[in-house]
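**Student:** structure of the sequence below:
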Amino acid sequence: MSKRRRGKGKRFRAWRRGHWAEHLCAIALAVRGYRVLARRLRYPVGEIDLLARRGGTLAVIEVKARRDAQSAMEAVTPRQRQRIARAAEWLLAERPALAGLAIRFDVMLVTPWRWPRHMPDAWRL
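**Tutor:** Got it, this is the predicted structure:
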């Protein structure tokens, strides 16, 4: 049996924590009036944690779970931002119906014992 199935090891715990954080953020977005369109989108050039829509805005959301908000925000590096932006380009090419919406890049920070902190328009291209 693999480590992933047994639930042991640092990588598995980090993976599980990330999935839990994404689920919690999806709930927080729904409460704020967003419609979560997709989770964990993977493309050859990068991945998108959450894709949500509210009105005419399409939010591409990166979820970071860390011990404190400062280290979570620092974890979104310029290289990672580029990969997310390239993944968003693939998404729009794959789903042309979404191309007419205003696209925005958000970050959601998840820290222990706190409701997820949503940072709309965290960066621009």
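**Student:** could you pull out the helices in the protein for me?
**Tutor:** 3-6, 10-31, 69-74, 78-94 (DSSP state H).
**Student:** and those as TSV, adding mean neighbour count, mean pLDDT and distance to Trp113?
**Tutor:** C-beta: built from backbone N, CA, C; applies to glycine. Output for these, formatted as TSV (neighbours: other C-beta atoms under 10 Å; pLDDT from 0 to 100; distance: least, C-beta to C-beta, whole Å):
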stretch	mean neighbour count	mean pLDDT	distance to Trp113
helix 3-6	10	52	27
helix 10-31	15	95	12
helix 69-74	14	94	12
helix 78-94	15	97	26
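**Student:** need those in CSV (columns: distance to Trp115).
**Tutor:** Shown next, in CSV, are the helices of the chain (distance: least, C-beta to C-beta, whole Å):
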stretch, distance to Trp115
helix 3-6, 29
helix 10-31, 6
helix 69-74, 12
helix 78-94, 23
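**Student:** relative to Pro44, which of those is closest?
**Tutor:** Pro44 sits nearest to helix 78-94 of all the helices of the chain, at 7.6 Å, using C-beta to C-beta.
**Student:** how far out from the middle of the chain is that closest one?
**Tutor:** Taking C-alpha atoms, centre = their mean, to the nearest Å, one finds helix 78-94 lying 12 Å from the centre of the chain it belongs to.
**Student:** and the pLDDT for Lys8?
**Tutor:** We have a pLDDT of 76 for Lys8.
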